[in-house]
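J.: structure, please.
(chains A and B)
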Amino acid sequence: MESFDSLVSYAWFILGGAAATLELTVLSCTLGLIVSLIAGLSLLSKKLLVRWAARTYIELFRGTSLFVQLFAAYFVLPLAGIPLSPIQAGVLAIGLNGGAYGAEVVRAAIQAVGNDQREATIALNLTRWQAMRWIIFPQAVPLMLPTFGNLAIETMKATAIASLISVSELTFQAQMVRTQTGGTALPFITILITYLAIASMMMALVRWLERRLSRGLVSVRT
Amino acid sequence: MSWSWAFALEILPALLDGLIVTVKVTLISSVFALVVGLSFAIAKASRVTWVRHPVLLATEGIRRTPLLVQLYFLFYVLPDFGVLLSPLTAGIIGLGLHYATYTSEVFRAGIESVPVGQWEAATATNLSPYHTWTHIILPQALPPMIPALGNYVIAMFKETPILSAITILDLMGEALAQANFNYRYLEPITLVALGFLIVSLCSAAIIKILEARLRLENG
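T.: Here you go, the predicted model:
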């Protein structure tokens, strides 16, 4: 049986991985958000080519499994002359995968904004861009938020598989402790609790944002 | 980087073996996820606090932690407590339990969409809780849920590559084994991606047809 001190130092070593988990989560969510806005708006474009490009991206990334995309980013892209660090490969795969799911959320939320709003923008002689920027989009955001919150948590959970391409995040650190000490309960229970805490904090943040952004809007409950 | 057809053909039999494992795991864990998910949903609808609360706590805990860590837990931690699971059993339980928490939400929503009048009518006609569920509530609640549940089955299929992390030789496991052995990643990973893409597009099309048919039936 190991001493209490060494158990504590192992726990600290594992928790050091939380920084990488958070880094992966924040970067992947940012990339995913940007891509889902671009792809979601492209789905509503008047140009056939733009719509097709967005549709192809979405089907490709939703259809081929995140796990496969991660390995492709890490092992296959270097063959094409694009070497990526483990973190970069992780962010690229997880972000683009999340963006494919997010794009449909953006499209659905924008289409859910009432037609009377659209007619009003035409009556006021706004351009398409002005209408989207000032009238349609701000009303669509509260509709997107709950689903985006869930996607953000899915993204956080997905960062665990980046341990398999040697990003030293929580799961990777736990595996290190397991292989070096043979102890299993301590490392895995530690990271389970940490993931649970991170997810719960993210949920609280999304709830707060929901209240904040739906202020002044009547009946946005979906 | 150059694509080698010879190598692609050489690894194809191994990949097909892996695909069979993948399909098998998906089917068994789907049944597991549906049965356990339904029990979770019924438990969450229970009026008994000590049934409802532990189930709520467990499902939320499972939903908020990564599947990979849960698989490691089943595979590495449980043996220390005397529960020895084969990789395949651990994989099926892990995947099934994780998705049971998702399907239970679909079931819950479906059950709640059955009008209250149906419950009252069941009480009025003196049906036992068992008969109320099997003859009144579930037959009305289940059909509209089929598309959503089908999407979760597809999602589970796409999650199976993660099982290669606990040494299961599924499609991804075989591909990685071949890739590491020959140190060629391009062909195995491309073939796996292609396999997933074809199956997902086909199954999404099937679900769309199902949805259209359901809409027709409901008028």
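
J.: quick one: mean pLDDT over the longest helix along chain B.
T.: Criterion DSSP state H: the longest helix present in chain B is helix B:5-44. For helix B:5-44, mean pLDDT rounds to 94.

J.: Three-state assignment for A:Asn125, please.
T.: Recorded secondary structure, A:Asn125: coil (DSSP: H, G, I helix; E, B strand; the rest coil).

J.: ramachandran angles for it?
T.: phi 60, psi 30 (degrees, to the nearest 10).

J.: ditto for B:Leu169
T.: Torsion angles, degrees, to the nearest 10, at B:Leu169: phi -90, psi 70.

J.: could you do A:Gly114 as well?
T.: The phi/psi pair for A:Gly114 (degrees, to the nearest 10) is phi -60, psi 150.

J.: which stretches of chain B form strands?
T.: In chain B, no strands are defined using DSSP state E.

J.: tell me how many other residues crowd B:Ile20.
T.: When counting by other CB atoms under 10 Å in any protein chain shown, one arrives at 11 neighbours for B:Ile20. C-beta here means a position set from N, CA and C on the backbone, and glycine is covered the same way.

J.: quick check: it vs B:Asp170, distance?
T.: 9 Å (CB to CB, to the nearest Å).

J.: list the contacts of stretch B:32-50.
T.: Here stretch B:32-50 makes contact (CB atoms under 8 Å, 6 or more residues apart in numbering or on different chains) with B:51-52, B:55-56, B:59, B:92-93, B:95-108, B:111, B:133, B:149, B:152, B:156.

J.: give me that answer again for 6 Å
T.: B:51-52, B:55, B:59, B:96, B:99-100, B:103-104, B:107-108 (CB atoms under 6 Å, 6 or more residues apart in numbering or on different chains).

J.: report the buried residues of the one helix or strand in chain B whose mean pLDDT sits lowest.
T.: Ranking every helix and strand in chain B by mean pLDDT, DSSP states H and E puts helix B:186-217 at the bottom, with a mean of 88. Neighbour counts using 16 or more other CB atoms under 10 Å in any protein chain shown place B:186-193, B:195-197, B:199-200, B:203, B:207 of helix B:186-217 among the buried residues.

J.: and the closest residue to B:Met172 other than its chain neighbours, what is it in contact with?
T.: Leaving out its chain neighbours, the residue that sits closest to B:Met172 by CB to CB, 6 or more residues apart in numbering or on different chains is B:Pro161, at 3.4 Å. Residues near B:Pro161 by CB under 6 Å, 6+ apart: A:65, A:67, B:172.

J.: now those residues in TSV, with distance to B:Ala122, pLDDT and neighbour count?
T.: Listed next are those as TSV, based on distance: CB to CB, whole Å; pLDDT from 0 to 100; neighbours: other CB atoms under 10 Å in any protein chain shown:
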residue	distance to B:Ala122	pLDDT	neighbour count
A:Ser65	43	92	27
A:Phe67	45	94	25
B:Met172	47	94	27
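
J.: nearest to B:Gln118, out of those residues: which one, please.
T.: A:Ser65 (40.1 Å; CB to CB).

J.: quick one: the helices in chain A, in order.
T.: A:4-15, A:17-43, A:48-63, A:66-71, A:86-112, A:115-123, A:128-130, A:137-158, A:170-181, A:185-213.

J.: wait, does the last one contact chain B?
T.: Yes. Using CB under 6 Å from any CB of the partner chain as the criterion, contacts between helix A:185-213 and chain B involve A:185, A:188, A:191-192, A:195-196, A:199.

J.: quick one, which of these are buried?
T.: Buried by 16+ other CB under 10 Å: A:188, A:191-192, A:195-196, A:199, out of the residues of helix A:185-213 next to chain B.

J.: on the pLDDT front, check A:Val220 for me.
T.: 47.

J.: residues of chain B that sit close to chain A?
T.: Checking chain B against chain A by CB under 6 Å from any CB, the hits are B:1, B:64-66, B:68-69, B:72-73, B:76-77, B:80, B:158, B:161-162, B:165, B:185-186, B:189, B:192-193, B:196-197, B:200-201.

J.: tell me how many other residues surround the residue nearest to A:Gly90 when sequence neighbours are not counted.
T.: Nearest non-adjacent residue to A:Gly90, counting by CB to CB, 6+ apart: A:Ala162, 3.7 Å away. Other residues near A:Ala162 come to 27 when the count uses other CB under 10 Å.

J.: and A:Ala162, what's its pLDDT?
T.: The per-residue pLDDT of A:Ala162 was computed as 96.

J.: how near is it to B:Leu68?
T.: In terms of CB to CB, A:Ala162 sits 10 Å off from B:Leu68.

J.: from the residues of helix A:185-213 next to chain B, which has minimum pLDDT?
T.: A:Ala185 (90).

J.: residues in contact with the residue nearest to it when sequence neighbours are not counted?
T.: Distances taken as CB to CB, 6+ apart put B:Val77 closest to A:Ala185, at 5.4 Å, once the chain neighbours are dropped. Contact partners of B:Val77, counting by CB under 6 Å, 6+ apart, are A:184-185, A:188.

J.: A:Thr30: neighbouring residues, count only.
T.: Neighbour tally, A:Thr30, other CB under 10 Å: 12.

J.: ok, now A:Arg118?
T.: A:Arg118: 13 neighbours (other CB under 10 Å).

J.: B:Val51 now?
T.: 14.
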